[in-house]
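Model the structure of this input:
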Amino acid sequence: MISVPQALQLVHDHTKKTENITTLPIIKALGHVIVSDIISPIHMPPFRQSAMDGYALGSIEEDNFILSGEIKAGDIENPNIKKGEAIRIFTGAPVPPSAKAVIMQEKVTVSGNQISTQGSVSLHANIRPIGEQIKKGDIALPKGTLITAAGIGYLATLGITTVTVYQKPSIAIITTGNELIPPGQSLLHGQIYESNSAMLQGACTQSGFSNITCYKVVDEYTATIDLIRDTIENHDVILISGGISVGDYDFVGKALRALAVEEVFYKVKQKPGKPLYFAKKQEKIIFALPGNPASSLSCFYIYVLPALLKTCGNTHSSTKRGTAISNTNYSKKGERAEFLKAIISENNVTILDGQASSMLRSFSVANAMVYLPEEVSNVEIGDPVQIVNLP
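Residues are numbered from 1 along each chain as shown. Model prediction:
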């Protein structure tokens, strides 16, 4: 059995960034990572642009001007403004090359076809120069950048319609357990509803992964081998829920050994989630998660999600770590590290009731987990504690 830090390091070391890339329309590239530098094909702005509604002036030494026209956003005319002349102009409109400045309309008095300005105006005032944001040929976004909504908007302003990104992994979720039936059916004695596949699929989707297929296998050795073999062949990441312990009807570990996967570790000195298993087969990675729902989800956020992000080049983890002040007294039972469902508000965190590995009620309202390393036995109100913010 290994420690939490050892398990985290092993997952990091044995997870590789994919070599598979794809080109996507920018609107579908949200949450993907850029493969190579994106070069701006244009200046932005591509013309001198008015920063506000007002008047473009032919000179800045005078106070009175004759109005000679109007330019609004989208106009393609490029009139010449002479000294002593002004043109009505609107935000975003192209500023003529001969204009010396734009004065805001609040500082102008209009009388017929003449205007008078109030106060001085500096040269090039309220004019966005060509290439103010970026110049043609410059790097718009460097390789390794995570595409956000703002990034999509930025690329669109440059006229870029597609982007080459690292492909996100294909994920298989396998659930085991003869006692599990789909929600919606009538429960018989000894049966419970299967929740882990929906829970794990939701956790993946929430974190930006959508290429997910769920499978169910009966507690039978040959069927377990066959399904795991097929998912390894057809998916990049395999998440197996349950069946990893050493009971008579736990066939996952036996099947994985039969398939000659490379076991990296089995069992972590933590609560919940002690029977966590991590392996690889070539570049495919395999997590066998505990069957208890809270254990399974805790292991997903701590170990699986960082691995998923790394496979597609994303170093921007959606589970932020930090410290907060405990609002709760808590005493550990045993010497294992613990991950405790909690609610964090500003810099204070409350450890919730209902920490059993089979219980999701507290997890459903939690927005963080408190991490107590092996050496920490007790927490008192006012103590600083390590936290993991949930997505």
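
Mind jotting down where the helices sit in the stretch 51-200 of the chain?
Under the criterion DSSP state H, counting those that start in this stretch, helices of the stretch 51-200 of the chain are mapped to 149-157, 196-206.

low pLDDT regions in this structure?
Residues of the chain meeting the criterion pLDDT under 70: 246-249, 318.

Could you list which residues are in contact with G190?
When contacts are counted by C-beta atoms under 8 Å, 6 or more residues apart in numbering, G190 touches E179. Placement of C-beta: from N, CA and C, glycine included.

and the one helix or strand Q386 maps to, what other elements does it pack with?
Q386 belongs to strand 384-389 when assigned by DSSP states H and E. Under the contact definition 3 or more C-beta pairs under 8 Å, 6 or more residues apart in numbering; DSSP states H and E, strand 384-389 sits against strand 321-326, strand 337-345, strand 368-372.

Next, the angle strand 321-326 makes with that strand.
Relative orientation of strand 384-389 versus strand 321-326 (axes from the mean of the first three to the mean of the last three C-alpha atoms, to 10 degrees): 130 degrees.

and H32, how many neighbours?
By the criterion of other C-beta atoms under 10 Å, H32 has 25 neighbours.

Name the nearest residue to it, sequence neighbours excluded.
Leaving aside its sequence neighbours, H32 sits nearest to V165 (C-beta to C-beta, 6 or more residues apart in numbering; 3.7 Å).

The one you found and N211, how far apart?
In this view, V165 and N211 are 14 Å apart by C-beta to C-beta, to the nearest Å.

Run through the residues that contact I286.
With contacts defined as C-beta under 8 Å, 6+ apart, the neighbours of I286 are 232, 237-238, 240, 256, 261, 277-280.

mind redoing it with 7 Å?
Residues near I286 by C-beta atoms under 7 Å, 6 or more residues apart in numbering: 238, 261, 279-280.

got it, and V165?
21-22, 24, 29, 32-35, 147.

ok so, going back, between the helices of the stretch 51-200 of the chain, which gets nearest to T175?
helix 196-206 (4.8 Å; C-beta to C-beta).

Now the element after the helix or strand encompassing L297, going C-ward?
L297 is located in helix 293-299, with elements delineated by DSSP H and E. Counting by DSSP H and E, the element after helix 293-299 in chain order, helix or strand, is helix 305-311.

Check the offset of that following helix from the chain's centre.
The chain centroid and the centroid of helix 305-311 are separated by 11 Å under C-alpha atoms, centre = their mean, to the nearest Å.

any idea how far the residue nearest to H32 is from I212?
18 Å.

What of S40?
Between S40 and I212 the distance is 35 Å, computed by C-beta to C-beta.

More neighbours: those two, which one.
Neighbours per residue, other C-beta under 10 Å: of S40 and I212, the larger number sits with S40, 22 against 19.

wouldn't the more buried one be in contact with Q133 here?
No - using C-beta atoms under 7 Å, S40 is not in contact with Q133; the gap is 9.0 Å.

List of residues touching the helix holding L297?
Helix 293-299 is contacted by residues 195-196, 199-200, 203, 241, 272-273, 276, 289-290, 339, 356-360, 363, 369 when judged by C-beta under 7 Å, 6+ apart.
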